[in-house]
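Asker: With the sequence up front, the predicted model follows.
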Amino acid sequence: MSLQGLMMKRTLLCWPLSCLFVLLPWPLATPTPITPWLCPPGKEPDPDPGQGTLCRTCPPGTFSASWNSYPCQPHYRCSLQKRLEAQAGTATHDTMCGDCQHGWFGPQGVPHVPCQPCSKAPP
């Protein structure tokens, strides 16, 4: 068989396999430096993947809202803006802030704008 014939045979055999590896779903794919492991929402990369898991559930008080390769982020603390917590955070969603705390005022419907003390309210 000629060199060209061998190359063609190799290409026909290997090409479908290379497509298979590219099309594998993430849980079956192997992470590389070029394509880091992606964890689903509510999970983060496991710093100790010794038990065969590459992702672990977000620790309490943290969340991850999308597929990514970053650690889970801490939930937003509404109290820092003097706002009430409208909805507690989960492993997949951040905390939702609501109205200002008693004795504080601010624009409604803008949950991340800090509230001001009522003593600073316009006359």
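Answerer: Sure thing, it's come through.
Asker: for stretch 50-65, which positions count as buried?
Answerer: Within stretch 50-65, the residues scored as buried using 16 or more other Cβ atoms under 10 Å are 54-56, 58, 62-64. For every residue, glycine as well, the C-beta is placed using N, CA and C.
Asker: want to try TSV for these, with distance to Ser79 as columns?
Answerer: Shown next, in TSV, are those (distance: Cβ to Cβ, whole Å):
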residue	distance to Ser79
Leu54	35
Cys55	30
Arg56	28
Cys58	21
Thr62	17
Phe63	17
Ser64	22
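Asker: want to try TSV for those, with pLDDT, distance to Pro47 and secondary structure as columns?
Answerer: Shown next, in TSV, are these (pLDDT from 0 to 100; distance: Cβ to Cβ, whole Å; DSSP: H, G, I helix; E, B strand; the rest coil):
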residue	pLDDT	distance to Pro47	secondary structure
Leu54	88	11	coil
Cys55	92	11	strand
Arg56	92	8	strand
Cys58	97	13	coil
Thr62	98	14	strand
Phe63	98	18	strand
Ser64	98	15	coil
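Asker: and which of the residues you listed is nearest to Pro114?
Answerer: Pro114 has its nearest neighbour among these in Phe63, at 21.8 Å by Cβ to Cβ.
Asker: Mind jotting down where the helices sit in the protein?
Answerer: 3-23 (DSSP state H).
Asker: Quickly list the domain ranges of it.
Answerer: 32-74, 75-120 (automatic domain parsing).
Asker: thinking again about what came up before, can you say which two of the buried residues of stretch 50-65 are spatially most distant?
Answerer: That would be Leu54 and Phe63, which, of those, are the farthest apart (Cβ to Cβ) at 18.7 Å.
Asker: ok, of the domains of the chain, where does mean pLDDT dip lowest?
Answerer: Across those, domain 32-74 has the smallest mean pLDDT, namely a mean of 86.
Asker: List the contacts of the closest residue to Lys82 other than its chain neighbours.
Answerer: Leaving aside its sequence neighbours, Lys82 sits nearest to Cys115 (Cβ to Cβ, 6 or more residues apart in numbering; 4.0 Å). In this structure, Cys115 makes contact with 81-83, 100-101, 104-106, judged by Cβ atoms under 8 Å, 6 or more residues apart in numbering.
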